[in-house]
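# Predicted coordinates and the sequence they were generated for:
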Amino acid sequence: MYILAIDTTGTIGSAALADLETGKITMKASDENMSHLKKLMPMTQMLFDESGADKSEVAAVAASIGPGSFTGIRIGVSSARAIAQALDVPCIKVPTLDTFRQKCNGEKPVAVIFNARRGQVYGAVFDRDGNDILKPGPYMLTDVLAKIEDAGVKPVFYGDGIDAYEDKLGDFEKAPKEERYQTAEMTAVVAIDKYVAGDTCAVESLLPDYMRETEAEQKLKDGSLARARAAKMAKFRSK
């Protein structure tokens with residue numbers, strides 16, 4: 001039996017097939033940035049074609065649910081739901097920041113930051129054994145750095161927040177680019193443990209975790225969306 005795992009929370013989308021019997025994980029990653037909608041299904045089909053696995057052998061479909069790119073999260077979660085529904089199998093929710101716990105090897109702490117713009121990040125800091133120093137959540141980068149200083153640790157940094165804020169990270173060690181970002185293989189590693197533990201969910205319960213409101217939701221709440229619409233309509237009527 002297999003778990004199909006999907007990650008589209010970052011710039012590069014990927015899909016992985018994990019063999020529950022052997023633990024072997026095979027992954028396909030896109031060669032184009034933000035091509036999730038175009039590449040995801042073909043990559044998934046390639047995994048089955050090259051492995052010789054049959055879709056009837058899929059035990060569950062796992063998706064990296066966020067945080068990350070809002071559009072990417074929606075594509076990954078909706079695709080996972082559609083596949084799971086078609087195959088009549090359960091889903092597995094995999095929080096994206098949590099997948100970086102596997103980077104902890106008992107030697108060095110790990111900090112992960114995703115760029116949320118304007119000095120904000122989705123971040124977490126784990127000790128060398130993968131325990132929380134700063135639990136996954138939305139933060140200002142300055143808050144993450146302050147927590148690291150308070151804890152007196154020197155973590156290795158991961159995530160695309162490095163690319164955006166590298167000048168603010170000083171002499172902290174940064175993971176090489178080939179290891180820096182989230183992948184479906186990392187999603188699959190977590191998903192295997194969750195499946196073995198019986199931690200699955202129904203299709204309708206697989207939902208995105210944006211960790212903050214979308215821009216449209218923020219505008220709706222603060223009234224700026226209504227004001228923008230009113231101004232647009234006033235301009236239209238004046239013509």
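Nice, I can see it.

# how near is the residue most central in space within the chain to Phe157?
The centroid of the chain falls nearest to Thr96 when counting by Cα atoms, centre = their mean (3.6 Å). In this view, Thr96 and Phe157 are 16 Å apart by Cβ to Cβ, to the nearest Å. C-betas here are computed from N, CA, C, even on glycine.

# cool, Ala16 as well?
24 Å.

# Which one's more surrounded, these two?
For Ala16 versus Phe157, the count of surrounding residues by other Cβ atoms under 10 Å is larger for Ala16: 27 against 22.

# For the residue nearest to the centre of the chain, report the pLDDT, please.
We have a pLDDT of 98 for Thr96.

# Contacts for stretch 8-16 next, please.
Stretch 8-16 has contacts (Cβ atoms under 8 Å, 6 or more residues apart in numbering) with 4-7, 25-30, 33-36, 39-40, 43-44, 47, 64, 66-69, 72-73, 75-76, 79, 96, 114, 160, 181-185, 187-188.

# Give me the buried subset of these.
Neighbour counting with 16 or more other Cβ atoms under 10 Å marks 4-7, 25-30, 34, 36, 39-40, 43-44, 47, 64, 66-69, 72-73, 75-76, 79, 96, 114, 160, 181-185, 187-188 as buried within those.

# Which ones among these lie within helices?
Among the buried ones among the contacts of stretch 8-16, the members found in helices (DSSP state H) are 36, 39-40, 43-44, 47, 72-73, 75-76, 79, 184-185, 187-188.

# any idea which of the residues you listed is closest to Asp143?
For these, the closest approach to Asp143 (Cβ to Cβ) belongs to Ile73, at 22.9 Å.

# can you tell me how far the closest one sits from Gln182?
Counting by Cβ to Cβ, the gap from Ile73 to Gln182 is 11 Å.
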